[in-house]
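Engineer: Predicted coordinates and the sequence they were generated for:
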There are 2 protein chains.
Amino acid sequence: MPKAVSFAPVRTVRAYEGIVRQVEERIAAGDLRPGDRLPSERELTTQFDVSRSTVREALRVLESSGLIRSRPGDPLGPQVIASTASAMRKLFARVVDSRRLGVAELLQFRMIIESAAGSVAARLASPSELDELEAALAGMRDAVADGYEAFSTADVRFHEHVARLSGNELLVLCLDAVRSMVLDLIATKLAQAPDPQALMERTLAHHRRVIDAMRAGEADEVARLTRQELHHYYAEYVPEARRSMVDILL
Amino acid sequence: MPKAVSFAPVRTVRAYEGIVRQVEERIAAGDLRPGDRLPSERELTTQFDVSRSTVREALRVLESSGLIRSRPGDPLGPQVIASTASAMRKLFARVVDSRRLGVAELLQFRMIIESAAGSVAARLASPSELDELEAALAGMRDAVADGYEAFSTADVRFHEHVARLSGNELLVLCLDAVRSMVLDLIATKLAQAPDPQALMERTLAHHRRVIDAMRAGEADEVARLTRQELHHYYAEYVPEARRSMVDILL
DNA sequence: CCCTTCAACTGGTCTGACCAGTAGCCTCCC
DNA sequence: GGGAGGCTACTGGTCAGACCAGTTGAAGGG
């Protein structure tokens, strides 16, 4: 098949897209960090030299993807609220409720990628990185006294730490998104667990075993432990009828 | 900690959000399918009883999440272009280039979830579903004659089929997104593979083995084969320095 | 000193306008 | 009669200007 000179498709760029792109780039580059403020809409109007409608279209897009938040009357202007992570969470949330997905899908997905992250981390982690993990675990142990909520926060930190050790940011982001979705879906139920003390103890023991397996370089064991722990922790919230989705991963 | 009656946080809903939600729901419910048209902006103005600016903010949000497309001058109105899948692809694309992720992260991620999907599918697939897979494989074999591009399309169909057999839509969507990102990143290079004939033959042989392993219920073997095939297919496009990210999964 | 009031913002929304495209009809010329 | 051209009635993209309701902080009153 003879191929003529190939041209790239031209897409006419709309004004608001340019604004979105500029702001996104500033955020990605770190010029704009969470908490920072954008100039007011009227001010942006002059900076970008477009009308207010155009500025607003751009802001709405940025807002819908979770990057900024604007509040009427705020003299400081729109606020940069987050990085890519929250955009990812927002999208997952949309997917989950538009497709009517439930805990079953989310938990299965989480078991898959979290165990994989653990297993990759086990192969890559240096002794000093493992010591940091150890510190995160110590943080959890300290948090036990402060009640379940504090413990849960420290626990999330531990999981995030493991994910980051995998060295794959995509993994980190997806894991963060799916973890927060799971927690959202069952937050109320989890807070009233029958015996939080026992749950916390068990979690500590599990994390202990994970670190040990990492030190021993037993990647598959780390993966297995991770799946097992997630299952133990969350499987009861999966409707009976779909339970097999998560059971088969054990 | 005594807990008073708990209220849900109120968020004042902006007009455009209501529009976005309604359209999203219609799409999710299947009332609006890809290819369908929305009324023109001016028409929507009267249907929603808001101003055109508000309608436009909603349309921009829908467009930015890949659900619709609007083209100036089109007398038929904005077009519904896709479902959640393209929204997911769009987000992944944004994440990948804002975080400057490369083939390494994407391929590692894909190897993880695609092999997991395969292994779940192996445990769940009924004989008749396996026959459908068989048909997809036959489709690939037929496509060999039509050249590499046609083959590649049929190949994607096969992979999608496997993913769907896992029964987890989240897996399907993520896989679709990451697959299309990988293909985007290396499309040009892949088209000029040195020996497409051999590549196609090898792919066919691999898929054959995957189906056989599925019939035998060897879930772990399916996972291993999947990782291996992806690695063989794409690893060369991963920069040398990051090659280990995908190597350790073998 | 605290509390109220007020003015100067903010974003949310609306109106009405103009432009540049598109598509289909309709005319005019061959 | 048939084709090529222009005309018309739409489309979305953008703009300017207006009003409202909310927030905030400073000015003024107790």
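Structural biologist: Perfect, thanks for sending it.

Engineer: for A:Leu249, helix, strand, or coil?
Structural biologist: coil (DSSP: H, G, I helix; E, B strand; the rest coil).

Engineer: ditto for A:Gly73
Structural biologist: With three-state DSSP as the criterion, A:Gly73 reads coil.

Engineer: Show me what the helix or strand of chain A with the lowest mean pLDDT is in contact with.
Structural biologist: When the helices and strands of chain A are scored by mean pLDDT, DSSP states H and E, helix A:84-98 comes last with a mean of 81. Helix A:84-98 is contacted by residues A:28, A:64-67, A:101, A:105-106, A:173-174, A:176-178, A:180-181, A:184, B:24-25, B:27-28, B:65, B:84, B:87-88, B:91, B:94-95, B:98-99, B:170, B:173 when judged by CB atoms under 8 Å, 6 or more residues apart in numbering or on different chains. Yep, even glycine has a C-beta here, placed from its N, CA and C like the rest.

Engineer: Apply 7 Å and report the result again.
Structural biologist: A:65-67, A:106, A:173-174, A:176-178, A:180-181, B:24, B:28, B:84, B:87-88, B:91, B:95, B:98-99, B:173 (CB atoms under 7 Å, 6 or more residues apart in numbering or on different chains).

Engineer: Please apply the same query to stretch A:182-193.
Structural biologist: Counting by CB under 7 Å, 6+ apart, A:Val103, A:Leu106, A:Leu107, A:Arg110, A:Leu199, A:Tyr234, A:Tyr237 sit against stretch A:182-193.

Engineer: Show me what secondary structure element comes after the least confident helix or strand of chain A.
Structural biologist: Scanning forward in sequence from helix A:84-98 by DSSP states H and E, the next helix or strand is helix A:103-124.

Engineer: Check which helices and strands whichever strand or helix holds A:Thr45 sits against.
Structural biologist: Following DSSP H and E, one finds A:Thr45 within helix A:41-48. Counting contacts by 3 or more CB pairs under 7 Å, 6 or more residues apart in numbering or on different chains; DSSP states H and E, helix A:41-48 packs against helix A:52-64.

Engineer: thinking again about what came up before, if we go by neighbour counts, what in the least confident helix or strand of chain A is buried?
Structural biologist: Across helix A:84-98, burial judged by 16 or more other CB atoms under 10 Å in any protein chain shown covers A:84-92, A:94-96, A:98.

Engineer: what's the answer for stretch A:61-72, then?
Structural biologist: Buried positions in stretch A:61-72, judged by neighbour count with 16+ other CB under 10 Å: A:Val61, A:Leu62, A:Glu63, A:Ser64, A:Ser65, A:Gly66, A:Leu67, A:Ile68, A:Ser70.

Engineer: now that stretch: mean pLDDT?
Structural biologist: Confidence over stretch A:61-72 (mean pLDDT, whole number) is 90.

Engineer: end-to-end on it?
Structural biologist: Criterion CA to CA, to the nearest Å; first-to-last residue distance in stretch A:61-72 is 17 Å.

Engineer: same check, this time on stretch A:239-250
Structural biologist: End to end - CA to CA - stretch A:239-250 spans 17 Å.

Engineer: now do stretch A:96-106
Structural biologist: For stretch A:96-106, the first-to-last residue distance is 9 Å (CA to CA).

Engineer: Centre of the chain to it, how far?
Structural biologist: In this view, stretch A:96-106 has its centroid 16 Å away from the chain centroid, taken as CA atoms, centre = their mean, to the nearest Å.
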